[in-house]
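Student: kindly generate the corresponding structure for this input.
(one chain, ligands or ions: 2)
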Amino acid sequence: MFINWLLNEIHLKIVYYGPGLSGKTENITYIHKHIDPALKGDLITLKTREDRTIFFDFLQLEVGQIAGKKPKFNLYTVPGQVHYQLSRKVVLNGVDGIVFVADSQREMMDSNLDTLLDLEKHLIADGKTLEHFPWVLQYNKRDLPTSVSINEMNQKLNFFNVPYFESVATQGKEVFPTLKTTIKEVVKHVQSQLNVNQRKRA
Ligand SMILES: Nc1nc2c(ncn2[C@@H]2O[C@H](COP(=O)(O)OP(=O)(O)OP(=O)(O)O)[C@@H](O)[C@H]2O)c(=O)[nH]1
Ligand SMILES: [Mg+2]
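Tutor: Ligands and ions are numbered 1, 2, ... in the order given. Okay, the predicted model is just below:
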């Protein structure tokens with residue numbers, strides 16, 4: 001979180017995290033295409049010729065109010081490919097909320113779990129934990145024939161009982177509900193932090 005007192009703005013960072021090709025870029029591309037133009041900035045994507053994210057994608061949204069300030073939600077994706085570990089660490093810096101985009105295909109279950117553990121490792125290094133942090137799970141690619149049941153996905157990945165969504169990002173299915181719930185969770189968390197800080201100052 002970053003507060004610009006001069007402009008009365010509060011900047012919040014939401015990161016789409018998950019294994020390679022799970023659909024992170026697809027999510028924010030869909031949001032950029034379908035959200036009210038008055039609420040959004042430009043979409044910045046940094047990709048290889050094969051459409052893989054190299055460093056991050058970025059989209060800024062401006063919605064609602066928090067404690068009389070205008071919140072700007074900065075959406076980022078990380079590159080999922082294993083060798084971009086350092087980029088993921090940099091993108092996670094100062095994160096306020098996470099959408100973990102899991103790939104529902106059976107053959108991706110190990111990568112989903114490895115990537116979630118990799119995320120937990122980065123958060124811990126930054127003094128945070130998945131247990132006490134606003135995040136949601138998005139089970140993507142529900143349209144594919146080898147997708148595993150929601151029950152099994154929850155058993156394997158949802159050990160903290162966070163909100164989860166059954167999505168098909170290429171069709172936009174559950175893309176906005178995922179984002180809205182994440183924003184709600186982030187705002188709840190930030191408001192409680194602001195209240196604690198106010199009490200400390202009083
Ligand atoms: N069938 C299907 N394909 C999808 C879905 N979501 C994404 N894809 C496809 O999966 C491929 C990878 O999607 P991306 O959004 O680029 O994946 P990513 O997670 O950003 O990948 P990295 O940047 O390499 O980490 C693309 O060809 C998408 O069109 C989905 O719900 N169903
Ligand atoms: Mg990507």
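Student: what is the burial count for residue 103?
Tutor: Residue 103 is flanked by 23 other residues according to other CB atoms under 10 Å. Placement of C-beta: from N, CA and C, glycine included.
Student: quick check: chain neighbours aside, which residue is closest to it?
Tutor: residue 22 (4.2 Å; CB to CB, 6 or more residues apart in numbering).
Student: ok, the closest residue to ligand 1 within the chain to residue 8 distance?
Tutor: Ligand 1 sits closest to residue 80 of the chain, with a gap of 2.7 Å, by CB to the nearest ligand atom. According to CB to CB, to the nearest Å, residue 80 and residue 8 sit 36 Å apart.
Student: if you count surrounding residues, which of those two has more?
Tutor: Neighbour totals were compared for residue 80 and residue 8, and residue 80 leads with 23 against 10 (other CB under 10 Å).
Student: where's the residue nearest to that one when sequence neighbours are not counted, which helix or strand?
Tutor: Once flanking residues are discounted, residue 80 sits nearest to residue 20: 3.5 Å by CB to CB, 6+ apart. Following DSSP states H and E, one finds residue 20 outside all helices and strands.
Student: pretty sure residue 47 is touching residue 55, no?
Tutor: No: assessed by CB atoms under 8 Å, residue 47 is found out of contact with residue 55, at 9.2 Å.
Student: so the two - more neighbours on which side?
Tutor: residue 55 (19 against 13).
Student: sec struct for the more buried one, please.
Tutor: Of the three states, residue 55 takes strand under DSSP: H, G, I helix; E, B strand; the rest coil.
Student: contacting residues for it?
Tutor: Shown in contact with residue 55 (CB atoms under 8 Å, 6 or more residues apart in numbering): 46, 79, 84, 87, 91.
Student: hmm, stretch 130-142 touching ligand 1?
Tutor: Yes: Stretch 130-142 reaches ligand 1 (CB under 6 Å from any ligand atom) through 140-141.
Student: what's the first-to-last distance across that stretch?
Tutor: 24 Å (CA to CA, to the nearest Å).
Student: buried stuff in it?
Tutor: Neighbour-count burial for stretch 130-142, counted by 16 or more other CB atoms under 10 Å, picks out 130, 133-142.
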